[in-house]
Each structure stands twice: as C-alpha cells, then as structure tokens.
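**Q** Provide a 3D model corresponding to the input given below.
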Amino acid sequence: MTLQQLKYISMVEKCGSFSKAAQKLYVSQPSLSQMIKLVESNLGAPIFNRSTDPLTLTYAGEKYIEAAQKILTINANLAR
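**A** Just a heads-up that it's a prediction; the model follows:
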C-alpha cells in the first residue's frame with residue numbers, strides 16, 4: 001500500500017462516489033476504480049459496498065480507513 005493509494009481511498013470515502021473523488025483528485029474515474037480494485041484484491045476483501053448510493057464502507061473498509069487515517073496523520077506530522 002502506498003500513500004497515494006491511502007489518499008485516493010480516503011477521498012472516495014469522503015466523497016461517497018468514485019466519480020466525485022476522481023474529479024477532486026484530477027484522475028480519471030476508470031483509473032481510480034482500477035487502483036481500488038487492485039488494493040481490494042491485495043487486501044482480499046472489498047473496501048466499499050458498491051450497492052449503496054452514496055458508497056459505504058464494508059467492515060474491512062472501516063478498518064482500512066481507520067489505519068489509513070492514522071498513517072496519513074503520521075506522514076503529515078513528519079512533513080512538518
């Protein structure tokens with residue numbers, strides 16, 4: 001997992017939509033979706049419940065986002 005992946009997944013969670021997150025991140029929606037599918041494949045579990053609108057987190061996704069936020073906070077503190 002990379003910091004970029006953590007940021008992208010966090011943005012999808014905040015926006016509740018792949019397309020809205022892609023716009024904010026200045027990336028294409030298909031490339032964002034592919035990256036998230038790769039992370040989910042490596043994780044062995046889905047992060048997002050795609051059957052809801054807006055997107056919601058699965059249990060694995062909740063744990064992933066908790067860890068991602070901690071890592072991003074540590075990284076931000078190191079950059080100061």
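**Q** Every contact and neighbour count from this point should use C-alpha atoms.
**A** Fine.
**Q** hmm, who's touching the lengthiest helix in the chain?
**A** Taking DSSP state H as the criterion, the chain has its longest helix at helix 59-78. Helix 59-78 is contacted by residues 3, 6-7, 9-10, 45-48 when judged by CA atoms under 8 Å, 6 or more residues apart in numbering.
**Q** Could I get the full set of helices for this structure?
**A** 3-15, 18-25, 29-43, 59-78.
**Q** TSV please, covering those helices and showing distance to residue 53 and mean pLDDT.
**A** Formatted as TSV, these follow (distance: least, CA to CA, whole Å; pLDDT from 0 to 100):
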stretch	distance to residue 53	mean pLDDT
helix 3-15	11	95
helix 18-25	11	96
helix 29-43	16	96
helix 59-78	16	94
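**Q** hey, C-alpha coordinates of stretch 9-29 in PDB?
**A** Listed in PDB are the C-alpha atoms of stretch 9-29, where the atom choice follows Å, rounded to 0.1, in the frame of the first residue of the first chain:
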ATOM      1  CA  ILE A   9      -9.300   5.600  -1.000                       C
ATOM      2  CA  SER A  10      -9.800   8.200   1.800                       C
ATOM      3  CA  MET A  11     -11.100  10.700  -0.800                       C
ATOM      4  CA  VAL A  12     -13.600   8.100  -2.200                       C
ATOM      5  CA  GLU A  13     -14.800   7.500   1.300                       C
ATOM      6  CA  LYS A  14     -15.200  11.300   1.900                       C
ATOM      7  CA  CYS A  15     -17.000  11.900  -1.400                       C
ATOM      8  CA  GLY A  16     -19.100   8.800  -1.400                       C
ATOM      9  CA  SER A  17     -18.500   8.300  -5.100                       C
ATOM     10  CA  PHE A  18     -15.800   7.200  -7.400                       C
ATOM     11  CA  SER A  19     -16.600   9.900 -10.000                       C
ATOM     12  CA  LYS A  20     -16.700  12.800  -7.500                       C
ATOM     13  CA  ALA A  21     -13.400  11.600  -5.900                       C
ATOM     14  CA  ALA A  22     -11.800  11.300  -9.300                       C
ATOM     15  CA  GLN A  23     -12.700  14.900 -10.100                       C
ATOM     16  CA  LYS A  24     -11.200  16.200  -6.900                       C
ATOM     17  CA  LEU A  25      -8.100  14.100  -7.400                       C
ATOM     18  CA  TYR A  26      -7.700  15.100 -11.000                       C
ATOM     19  CA  VAL A  27      -7.600  11.500 -12.200                       C
ATOM     20  CA  SER A  28      -9.900   9.500 -14.500                       C
ATOM     21  CA  GLN A  29     -12.700   7.600 -12.800                       C
END
